[in-house]
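Q: this one's sequence-less:
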């Protein structure tokens, strides 16, 4: 996916330097990632096109292209605003959104990144991918049909990926004679649905995307509605970054060395904050150190918070590498061996208990020794029903036994380190995306055919050239992990016994 430059309004000064961009973003009140989702033909592309037309600084040639095209919205004399969104030839031919479309615009107080997701059930995986980036979601429904099964599926996925702010846009109110009764019934149905999820707020707004009613200006056709317009409401929604949790989490992405005395643990603070002098620990090794330096590309910091990409230098060289998650001593993640999770199944291939799946976290890839589907979410009743298999677009509840411990949090407590992916061990393709709902540091009893990569087997064979230094211990685990991945790809349930402790006075915890 390419990232396009955000276009500034003519009334705003363009930053002279890249480092001035954050100041401009703060001036505008931040960036909001906005997802639109709904069933086919509910009017997503038309709504976003109307928002761009009414509230953004479109270039005049873009407006002129829409005017000159002669295309009209179905049944009206209004321009077809969806032309501003449907970029793929296949989409224009079929009149539907297939891929995720990214558009950018800004108001006087906020920059918006619009993620227009497909509504057809066949492309649910694309919607789930887009939702994972969103701060707020607009769930569209046609006023004539109300809440559908696909609406429920989308709401469940939004909850699954941690979207907390949801707007129900009841579109095409012009086709139900601007009826308040129709709107209130749909609003009540949606609120009943939202009670089953963990949304922080859900707001219903009646509108007509084609005619612009309640999009950026209040409708004169619905005097009974006294709430905000869609644009007014979106301008007040906080971003995920501003709501980041208070528990410090720092997934290590790589270890940096300068060939001299510097050894920095590089990554991005995903939650909470840290400052020089604070003690941090790795839950997998129990190794602990004190921060003596927080380095960035151009300067050192005294503190870092969620969203900051930094390198942490500690007073001791603790035995960690990519995949570790640093935390403060008093609030650690769990060294998980067993994970209960909720997933949306994204692959066209149905779940197979003998297939080779791997678990991917924010920075780690972990062999899975066993995975068991326990239940599926019934999208009609929104209740869980027992099941042992799942297929494309199903929302499943599963128990996963890991081949080795991994630092994972319960999603509702620390979302940034509680998100998970299932990956095909052969192709590397993403099979499912979801969240951790419960974690246990105790491993499940090995199943029949379970193979353990013992440390003496590894140490006397594949790893016999390695010492027990910190650097070689990293290589020990890297090789063991690769072997486990190969075995899992062959359908062998596998676990890794950690290497023996080192004898240099440092607590390895392994």
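A: Arrived safely. Owing to the predicted nature of the structure, the values given are computational and were not obtained by experimental measurement.
Q: which helices and strands sit right next to the helix or strand hosting residue 400?
A: For residue 400, the enclosing helix or strand under DSSP states H and E is strand 395-408. Packing partners of strand 395-408 (3 or more CB pairs under 8 Å, 6 or more residues apart in numbering; DSSP states H and E): helix 149-160, strand 334-345, strand 357-360, strand 365-377, strand 430-440, helix 470-489, strand 494-496. Where C-beta positions appear, they are placed from N, C-alpha and C, glycine not excepted.
Q: okay, now the sheet partners of it, with direction.
A: strand 334-345 (antiparallel), strand 365-377 (antiparallel) (DSSP bridges).
Q: angle of that strand against strand 430-440?
A: Interaxial angle, strand 395-408 versus strand 430-440 (axes from the mean of the first three to the mean of the last three CA atoms, to 10 degrees): 70 degrees.
Q: just give me how far strand 395-408 sits from the chain centre.
A: 18 Å (CA atoms, centre = their mean, to the nearest Å).
Q: how much space separates the residue nearest to residue 231 when sequence neighbours are not counted from residue 334?
A: Computed as CB to CB, 6 or more residues apart in numbering, the closest residue to residue 231 that is not its neighbour in sequence is residue 216, at 4.6 Å. Distance of residue 216 to residue 334, computed by CB to CB, to the nearest Å: 46 Å.
Q: can you check residue 292 too?
A: 28 Å.
Q: show me which of the two is the more surrounded one.
A: residue 334 (19 against 12; other CB atoms under 10 Å).
Q: my guess is the more buried one contacts residue 409, does it?
A: Yes: applying CB atoms under 8 Å, one finds residue 334 in contact with residue 409, separated by 7.1 Å.
Q: what touches both of the two?
A: Common neighbours of residue 334 and residue 409 (criterion: CB atoms under 8 Å, 6 or more residues apart in numbering): residue 439.
Q: list the contacts of residue 163.
A: Residue 163 sits in contact with 35, 131, 134, 135, 136, 137, 199, where contact means CB under 8 Å, 6+ apart.
Q: the residue nearest to residue 231: what's it in contact with?
A: By CB under 8 Å, 6+ apart, the neighbours of residue 216 are 51, 54, 55, 229, 230, 231.
Q: which of the residues you listed has the most neighbours?
A: Neighbour max across the contacts of residue 216 (other CB under 10 Å) = residue 51, 27 neighbours.
Q: which pLDDT value goes with that one?
A: Looking at residue 51, its pLDDT is 83.
Q: cool, the one 3 residues further on as well?
A: Predicted confidence (pLDDT) at residue 54: the value is 76.
Q: ranking the strands paired with strand 395-408 by burial, who's on top?
A: Compared across the strands paired with strand 395-408, strand 334-345 shows the largest average neighbour count, a mean of 22 (mean count of other CB atoms under 10 Å).
Q: could you check the angle helix 149-160 makes with it?
A: Strand 334-345 runs at 160 degrees relative to helix 149-160, counting by the same axes, to 10 degrees.
Q: do I have it right that residue 310 meets residue 270?
A: No: at 11.9 Å, residue 310 does not count as touching residue 270 under the criterion of CB under 8 Å.
Q: what residues sit buried inside stretch 418-433?
A: For stretch 418-433, burial by neighbour count (16 or more other CB atoms under 10 Å) applies to 418, 419, 420, 421, 422, 423, 424, 425, 430, 431, 432, 433.
Q: ok, those vs residue 339, which is closest?
A: Compare each of the buried residues of stretch 418-433 with residue 339 using CB to CB and the shortest gap goes to residue 420, at 7.3 Å.
Q: contacting residues for residue 152?
A: With contact set as CB under 8 Å, 6+ apart, residue 152 has these partners: 193, 379, 380, 382.
Q: equivalent analysis for residue 32, please.
A: 110, 111, 112, 113, 135, 136, 234, 237, 239.
Q: how much space between the most centrally placed residue in the chain and residue 256?
A: Geometric centre of the chain, nearest residue: residue 132, 2.9 Å, by CA atoms, centre = their mean. Using CB to CB, residue 132 is found at 28 Å from residue 256.
Q: next: residue 484.
A: To residue 256, residue 484 is 27 Å away according to CB to CB.
Q: sorry, back to before: for the contacts of residue 216, give me TSV that also has secondary structure and distance to residue 246.
A: TSV is the format used below for those (DSSP: H, G, I helix; E, B strand; the rest coil; distance: CB to CB, whole Å):
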residue	secondary structure	distance to residue 246
51	helix	34
54	helix	38
55	helix	34
229	coil	33
230	helix	31
231	helix	31
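Q: which ones are touching residue 484?
A: By CB under 8 Å, 6+ apart, the neighbours of residue 484 are 367, 403, 404, 453, 494, 495, 496.
Q: closest to residue 475 among those?
A: In terms of CB to CB, no member of the contacts of residue 484 lies closer to residue 475 than residue 496, at 13.9 Å.
Q: mind checking pLDDT for that closest one?
A: What the model reports for residue 496 is a pLDDT of 75.
Q: ok, now the one 3 residues further on?
A: Per-residue confidence at residue 499 stands at 54 (pLDDT).
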